[in-house]
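**Q** the sequence and its predicted three-dimensional model are supplied below.
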Amino acid sequence: MSGFNLAETGHLVQLWEPANHTAAESTKVINMENYSHCTVILSYGATPAADGLITVESCDDMTPTTHTEIAFDYYECIVDFEGALGDVMSTKKTAATTGLVPTAVANIMYIIELEASQLTPGHIGFRFSQANPTGDSIMSAVAVLSGARYKSPASPTVIA
């Protein structure tokens with residue numbers, strides 16, 4: 001078989017369910033022990049509030065007891081499937097440790113790319129946070145883990 005079979009060589013984690021997220025909130029920690037790469041797909045429906053800042057944290061345990069905001073690379077796309085180039089990502093951009101400020105445009109998608117090597121030494125995983133958007137923030141997010149150390153169709157949980 002060629003290509004990437006998510007069910008057998010990767011792992012999928014829903015970070016935020018599709019809904020109107022109107023408060024500050026953090027996801028569960030994603031344990032990267034058995035994976036080398038994490039791609040997060042963050043999709044907004046309605047126009048996101050720019051003050052709903054998205055940050056990525058390196059975490060020392062699943063609680064987490066200690067968490068440190070880190071810089072990260074991302075791509076963005078205005079998802080207009082009825083228009084030309086509605087599936088084309090931007091060039092790579094970098095968010096500082098202060099996070100990604102969502103562009104106030106409806107139907108925008110962000111792809112965040114992380115390597116396990118970006119974790120602070122001694123840390124085990126990533127957590128994602130949204131600051132209080134003080135308004136409607138209709139979005140969802142999933143993480144796709146790849147570079148599995150042990151591949152199997154029924155991969156063990158990475159959030160417990």
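**A** Received it, and whenever you're ready, just let me know what you need. Numbers count the residues shown, from 1 in each chain.
**Q** look up how far residue 69 lies from the residue nearest the centre of the chain.
**A** The residue lying closest to the centre of the chain (C-alpha atoms, centre = their mean) is residue 40, at 3.1 Å. The gap separating residue 40 from residue 69 is 15 Å, by C-beta to C-beta, to the nearest Å. C-beta: built from backbone N, CA, C; applies to glycine.
**Q** cool, residue 31 as well?
**A** 19 Å.
**Q** those two: which is more packed in?
**A** residue 31 (20 against 16; other C-beta atoms under 10 Å).
**Q** can you pull the contacts of that one?
**A** 62, 124-125, 158-159 (C-beta atoms under 8 Å, 6 or more residues apart in numbering).
**Q** please convert the buried members of these into PyMOL selection syntax.
**A** Here the buried members of the contacts of residue 31 are turned into a PyMOL selection, burial being counted by 16 or more other C-beta atoms under 10 Å:
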select buried, resi 62+124+125+158
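**Q** name the element the nearest residue to residue 13 once chain neighbours are set aside belongs to?
**A** Once flanking residues are discounted, residue 13 sits nearest to residue 143: 4.4 Å by C-beta to C-beta, 6 or more residues apart in numbering. Of the helices and strands defined by DSSP states H and E, residue 143 is found in strand 138-146.
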